[in-house]
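>>> no FASTA, just this:
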């Protein structure tokens, strides 16, 4: 079974409290989402492999550790996931970025892919799928399924600012190999599929379209 990692660092909790506030403006909201994503990325990449190399310091030769093995890819789920990318790239500027766009069919209520563009070598990379909200889990599960089936990706993590228990259960049931990283596990979903207490519509608040 995949693991749920709740990243409750004090800095993240503080910034998330401001993000939740309905009175937080677009500029501050966008900046804080990026900052929290950066802090979460620090924890989500804790298990990256390293190897020993030698470098020449101004004083002597030193044996140090550098990243080894597979490289990273960040895949935001459009559109809200875009708000998390820049903060992560500040930590891992060599990461490649893919994009996947999904919408919910009004009749079947199932996610439908409308856009997808991935790095050519994504199958050989460690992939982090990002979306601020994990609500029902339908879109996240579909995104994971899509890049598994089309591109053959095997090393995938999911990163969300806020998750609902329903979404966590859905992803864990559909993809027991994918670990979930979130800054908060909220109470539940309401009748409209919004996370309670949540933060509202993340995409609208990031891009000022509410």
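Right, received. Where do you want to start? Note that the structure is a prediction, hence the values are computed from the model and not measured.
>>> For the rest of this, base every contact and every neighbour count on C-alpha atoms.
OK.
>>> next one: phi and psi at the closest residue to residue 48 other than its chain neighbours?
In space, and not counting its chain neighbours, residue 48 is closest to residue 67: 7.1 Å by CA to CA, 6 or more residues apart in numbering. Phi and psi for residue 67, reported as degrees, to the nearest 10, are phi -60, psi 140.
>>> Over to residue 192?
Here residue 192 shows phi and psi, under degrees, to the nearest 10, equal to phi -100, psi 10.
>>> do residue 153 as well
According to degrees, to the nearest 10, residue 153 has phi -70, psi 140.
>>> Run a quick neighbour tally on it.
Counted with other CA atoms under 10 Å, residues neighbouring residue 153 total 19.
>>> any idea how far it lies from residue 127?
Distance, residue 153 to residue 127, by CA to CA, to the nearest Å: 8 Å.
>>> The residue positioned nearest the centre of the chain: what's it in contact with?
For the chain, residue 130 is the residue whose C-alpha lies nearest the centre (CA atoms, centre = their mean; 2.3 Å). In this structure, residue 130 makes contact with 74, 75, 76, 77, 81, 84, 85, 158, 159, 160, judged by CA atoms under 8 Å, 6 or more residues apart in numbering.
>>> rerun at 6 Å
76, 81, 159 (CA atoms under 6 Å, 6 or more residues apart in numbering).
>>> May I see the buried residues of stretch 37-53?
Neighbour-count burial for stretch 37-53 flags 37, 38, 39, 40, 41, 44 (criterion: 16 or more other CA atoms under 10 Å).
>>> what does that stretch rub up against?
63, 64, 65, 66, 67, 68, 84, 87, 88.
>>> ok, these vs residue 114, which is closest?
Closest approach to residue 114 among the contacts of stretch 37-53 (CA to CA): residue 84, at 20.6 Å.
>>> can you confirm that closest one is in a helix?
Yes - Residue 84 forms part of a helix when assessed by DSSP: H, G, I helix; E, B strand; the rest coil.
>>> Tell me the spacing between it and residue 67.
According to CA to CA, residue 84 stands 22 Å off from residue 67.
>>> And for residue 179?
Counting by CA to CA, the gap from residue 179 to residue 67 is 21 Å.
>>> Look at these two and report which has more neighbours.
residue 179 (21 against 12).
>>> Now the two most distant members of the contacts of stretch 37-53.
Within the contacts of stretch 37-53, 63 and 84 form the most distant pair, 34.0 Å apart (CA to CA).
>>> So these two - more neighbours on which side?
For residue 63 versus residue 84, neighbours defined as other CA under 10 Å are more numerous around residue 84 (29 against 10).
>>> correct me, but the more buried one touches residue 34?
Yes - if you go by CA atoms under 6 Å, residue 84 and residue 34 touch, sitting 5.0 Å apart.
>>> Can you show me the helices along the chain?
Counting by DSSP state H, the chain has helices at residues 10-20, 26-44, 82-91, 138-151, 165-174, 202-207.
>>> Cheers, nothing more for now.
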